[in-house]
Every structure is written in structure tokens, then in C-alpha cells.
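Asks: Let's see this in three dimensions:
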Amino acid sequence: MVAWLKGVRDYDRELRQRPDDAVVAIMTKNTELKDPAAWKNMRLPAINPDGFVFPDSMILGQEYYLRMGQQQRRADLADAIDNSYAAYAVEQLGRYQP
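Replies: Residues are numbered from 1 along each chain as shown. Just a heads-up that it's a prediction; the model follows:
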């Protein structure tokens with residue numbers, strides 16, 4: 001989890017927030033998206049840089065899947081969320097500072 005959060009934080013800082021020319025060059029070289037302007041202008045999804053799961057977000061997702069018929073019954077999300085690994089990683093790394 002510590003290593004994963006380091007990667008999430010790099011992603012947030014170096015690609016999602018403000019991709020510089022060096023990062024854009026790496027991405028255009030190593031992905032199918034070859035347009036540097038697209039990398040500079042796109043909005044990438046956010047991942048919590050402290051690793052914690054947001055229950056409200058999961059509830060919204062679950063409500064969507066129930067409405068769409070892709071989920072048949074409501075799950076007990078309290079049983080599904082365990083932020084202990086994220087808490088440990090934050091103890092090691094400190095809270096994220098953008």
C-alpha cells in the first residue's frame with residue numbers, strides 16, 4: 001500500500017494536476033495517444049492520494065448499478081470498506097501535500 005500510494009501521488013502531481021513537457025513526452029511515446037495537446041488538456045480521474053475509500057462515492061456507485069439492473073441487491077458497504085491499509089501507509093508517508 002505504501003508503494004501504491006507513492007505511485008498515486010506521483011500520478012496526481014505529475015500527470016493529473018500539471019503534466020509538464022517531459023511527462024507528456026513519456027506518455028506520447030509509450031501510449032496510443034500521440035497528441036501532446038490532448039495530454040495537456042485532458043482531465044484524468046482523481047484517486048485519493050491518501051488511499052482512503054470514500055463511502056459516499058461507493059453509495060452513489062451502488063445506487064447507479066441498482067438502477068441499471070446490473071446489481072440485484074444492496075450490499076452492506078460497511079463490511080466492504082477497510083481503510084486500515086491506507087491508514088498504515090499514511091502513517092509511513094504522512095498526509096499528501098500537493
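
Asks: Wait, Ser88 touches Met1, no?
Replies: Quick fix: residue 88 reads Tyr, not Ser. Yes. Under the criterion of C-beta atoms under 8 Å, Tyr88 makes contact with Met1 at 6.5 Å. Where C-beta positions appear, they are placed from N, C-alpha and C, glycine not excepted.

Asks: In which helix or strand does Tyr64 reside?
Replies: Per DSSP states H and E: Tyr64 is located in helix 55-67.

Asks: helix or strand right after that helix?
Replies: helix 77-80.

Asks: ok, and the closest non-adjacent residue to Ala25?
Replies: Pro36 (7.5 Å; C-beta to C-beta, 6 or more residues apart in numbering).

Asks: scratch that, Asp35 is what I was asking about
Replies: Excluding its sequence neighbours, the residue lying closest to Asp35 (C-beta to C-beta, 6+ apart) is Thr28, at 7.3 Å.

Asks: so the one you found touches Ala37, yeah?
Replies: No. When contacts are counted by C-beta under 8 Å, Thr28 is not listed as touching Ala37 (10.1 Å).
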